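Asks: Coordinates for the following, if possible.
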Amino acid sequence: MKNRPSSRYWWPLLGVLLVSRLLVLLSLLWLTPDLKLLSFSPQQPLTLGVDDLVGRPVVVEARSANGQPRPLTYTFVGCPPVQVSVSALRQYELQPCANLQLPRRVTLASAPEIQIVYAGLTALGAGQGNLLRLLFAGLDTKRLTEVHELFLHELSPGERLLHNAYNWDARWYLSIARFGYFYDDYLAQTRQYSNAAFYPLLPTLGAMLAALSGLPPEVTLLGLVQVLSVASGLLLFQLALVLGRAPSEGFAAVALYALFPTSFFLSIPYTESLYVTLSILVFLGLRTRWGPVAAVLSVLTRSTGVVHGPVLLLQGGGSLRQRLLRGASVGVGLLGFAAWLELKLGEPLAFVNAQDAWRQPLRPGSGLQHLLDAVLLGPIWRLVGRLENWSLDWVSVNLAVALLVLLTLLTCYRRLPRPLRLYTLLALGLPYFTFASSRVEMISFSRFVLAAYPLFLVWGQLLHQRPVLLAGVAALCSILLALSSALFGGGAFLG
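Replies: Numbers count the residues shown, from 1 in each chain. Here you go, the predicted model:
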């Protein structure tokens, strides 16, 4: 029996996916410390030598369970004990004395009411969330902790990779995998950040793998997203074949997807790789029972999963009753999450309330103002306005991607089947309208394009018969991918 034409593409496809993931990991590991290319540079270059470690203060991120001040005592070897008062969840800096002995070691003794979430070194201009954790030691909030000893040391390559990968949202997912959710009335009333704002499926899978393997959650989470990123690319190729596309089109689409400048989000502990995998499974099982199952799991992964509801309702086929049941299935995920939060935290809407802590300071004004601003393309015009002095920076990348997406939707929209057209509009529209008028409105747009993966099928169709142009685009994307990976590793907020 002859091999199908698509069979010869699978191994090259797997090679592209693996090489692109390796490019991201090596960029996180080796490019981050001394990145000085064009205007792509972190706020301050990071160095990880012993001298640098000695000069940086230790911080502890902790909170008092009831919001009332409680004592935390720390002792550096060679120094007298010092007591700080811990109340709200924030970073508390621990200062050594002049007689500090090297190598540094610090002992923490806390009141039972104090929950210690992280301990590490202050980051150099790396923004919220980037702490260099000592030995990546987990301080168990469930045991209402006693005494912990932390040792400062020069990072091994593996530790440096973990440090650079766990920035921003990745750190919150790690906190769920390691400690579970934390949320209470005091946090809600004072609008403090809580990990209850993040959806449970990815960290739960990471915690399960950690329990089964005995490895720390930071290792299992990072390993999990590598597997899922490859799986999402293979499924995207399969989706192209199911749609009747030529194998060369599917290969080009996956290559562009794997090398897209923000595809580093597929290889760090964010939800992109898991979400895209589940979303493609929705369409592969659109008219079967497995489509709604994948849709439910996608809702447990990130909020964008709700857009599968209208797709299943309007494009799922079958009788009206069947389509209504499929469309309503996404609500099962939200209800299940709410029921679980009620059981664990006593507040079924903790994930909604916790998100207000981010939303309120970032998006002042009324909902009507935000809607009107989004309809009038205010975020895009403001993005253009920031390019008065053009340079190759993240604003330029986001503007270029936004214009490319807009041009694709205007000229090539009908190249996609109706279910994928509807999904693409909803997958882009939901975050666009959600973040319009906020302080981070278009910064994350390039990241959200990954969730609108049908666009890559269109771009693959346009370029698969132009191998030279495809190779040039892939080379440019590879350079931007390496740079953006390194920027993220240095603590820059890229989405």
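Asks: what ranges do the strands span in the stretch 101-250 of the chain?
Replies: Counting by DSSP state E, counting those that start in this stretch, the stretch 101-250 of the chain has these strands, from start to end: 105-110, 114-121, 132-133, 147-151.
Asks: Lowest average pLDDT across these?
Replies: Ranked by mean pLDDT, those bottom out at strand 132-133, which scores a mean of 36.
Asks: what's the neighbour count on P200?
Replies: Look at P200: counted by other Cβ atoms under 10 Å, it has 23 neighbours. For glycine as for every other residue, the C-beta is placed from the backbone atoms N, C-alpha and C.
Asks: residues in contact with the residue lying closest to Y74 once chain neighbours are set aside?
Replies: Residue nearest to Y74 in three dimensions, not counting chain neighbours: L94, with 4.8 Å by Cβ to Cβ, 6 or more residues apart in numbering. Neighbouring residues of L94 by Cβ atoms under 8 Å, 6 or more residues apart in numbering: P57, V58, V59, V60, Y74, F76, V82, V84, V106.
Asks: For L94, name its beta-bridge partners.
Replies: Judged by DSSP bridges, the bridge partners of L94 are V58.
Asks: okay, it: pLDDT?
Replies: pLDDT, L94: 78.
Asks: Let's check: the centremost residue of the chain is which one?
Replies: Y270 (2.7 Å; Cα atoms, centre = their mean).
Asks: So for stretch 72-89, mean pLDDT?
Replies: Stretch 72-89 comes out at a mean pLDDT of 81.
Asks: Out of the helices and strands in this structure, which is least certain?
Replies: strand 132-133 (a mean of 36; mean pLDDT, DSSP states H and E).
Asks: Can you pull out the low-pLDDT segments for the stretch 351-495 of the chain?
Replies: Scanning the stretch 351-495 of the chain for pLDDT under 70 picks out 357-367, 369-370, 382-393, 395, 435-442.
Asks: in it, which spans are helices?
Replies: 367-375, 378-385, 394-411, 418-435, 445-448, 454-463, 467-489 (DSSP state H, counting those that start in this stretch).
Asks: Of all the ones you listed, which one is nearest F182?
Replies: helix 418-435 (24.5 Å; Cβ to Cβ).
Asks: Could you figure out how far the closest one is turned away from helix 454-463?
Replies: 120 degrees (axes from the mean of the first three to the mean of the last three Cα atoms, to 10 degrees).
Asks: In helix 418-435, which residues are buried?
Replies: For helix 418-435, the neighbour count (16 or more other Cβ atoms under 10 Å) marks 419-428, 430-435 as buried.
Asks: quick check, nearest of the residues you listed to G15?
Replies: Using Cβ to Cβ, the buried residues of helix 418-435 come closest to G15 at L420, 26.6 Å.
Asks: so what's the nearest residue to that closest one once chain neighbours are set aside up against?
Replies: On the basis of Cβ to Cβ, 6+ apart, the spatially nearest residue to L420 that is not a chain neighbour turns out to be P454, at 4.2 Å. Going by Cβ under 8 Å, 6+ apart, P454 touches L416, L420, R421, Y423, T424.
Asks: mind checking how far the second one is from Y453?
Replies: Applying Cβ to Cβ, to the nearest Å, the value for L420 to Y453 is 9 Å.
Asks: Can you tell me the SS state at Y92?
Replies: Classification of Y92 using DSSP: H, G, I helix; E, B strand; the rest coil returns strand.
Asks: quick one: it and R70 touch, right?
Replies: No - using Cβ atoms under 8 Å, Y92 makes no contact with R70, being 11.5 Å away.
Asks: who touches both of these two?
Replies: Counting by Cβ under 8 Å, 6+ apart, the residues touching both Y92 and R70 are V86.
Asks: what sits against P80?
Replies: Counted by Cβ under 8 Å, 6+ apart, P80 has contacts C97.
Asks: Make residue 1 into 6 and carry on from there
Replies: In the new count, where the first residue is 6, that last one comes out as P85.
Asks: Could you pull up phi and psi at it?
Replies: P85 adopts backbone torsions of phi -70, psi 160, taken as degrees, to the nearest 10.
Asks: Check L220 too.
Replies: phi -80, psi 160.
Asks: ok now stretch 14-28, how far from the chain's centre?
Replies: 22 Å (Cα atoms, centre = their mean, to the nearest Å).
Asks: I'd like to know which of the contacts of L99 are buried.
Replies: Looks like the contacts of L99 have V63, V64, V65, Y79, F81, V89, V111 buried, using 16+ other Cβ under 10 Å.
Asks: from those, which single one is nearest G465?
Replies: V64 (45.9 Å).
Asks: Just the pLDDT at that closest one, thanks.
Replies: 71.
Asks: I figured L246 hits G255, correct?
Replies: Yes - assessed by Cβ under 8 Å, L246 is found in contact with G255 at 5.9 Å.
Asks: where are the low-confidence patches of the stretch 106-255 of the chain?
Replies: Judged by pLDDT under 70, the stretches of the stretch 106-255 of the chain that qualify are 106-110, 121-161, 189-197.
Asks: all helices of it, in order?
Replies: Counting by DSSP H, counting those that start in this stretch, the helices of the stretch 106-255 of the chain are 162-170, 174-184, 190-194, 206-218, 222-247, 252-264.
Asks: which of those is buried the deepest?
Replies: Counting by mean count of other Cβ atoms under 10 Å, helix 252-264 has the highest mean neighbour count of the helices of the stretch 106-255 of the chain, with a mean of 25.
Asks: by how many degrees do that one and helix 222-247 diverge?
Replies: Using the same axes, to 10 degrees: helix 252-264 against helix 222-247 is 160 degrees.
Asks: for helix 252-264, packing partners?
Replies: Here helix 252-264 touches helix 15-31, helix 222-247, helix 459-468, helix 472-494, going by 3 or more Cβ pairs under 8 Å, 6 or more residues apart in numbering; DSSP states H and E.
Asks: Mind checking what secondary structure S90 has?
Replies: Assignment for S90 (three-state DSSP): strand.
Asks: Which residues outside stretch 335-342 are in contact with it?
Replies: 204-205, 297, 300-305, 310-311, 313-314, 317, 356.
Asks: From the chain's centroid, how far away is it?
Replies: Using Cα atoms, centre = their mean, the offset of stretch 335-342 from its chain centre is 21 Å.
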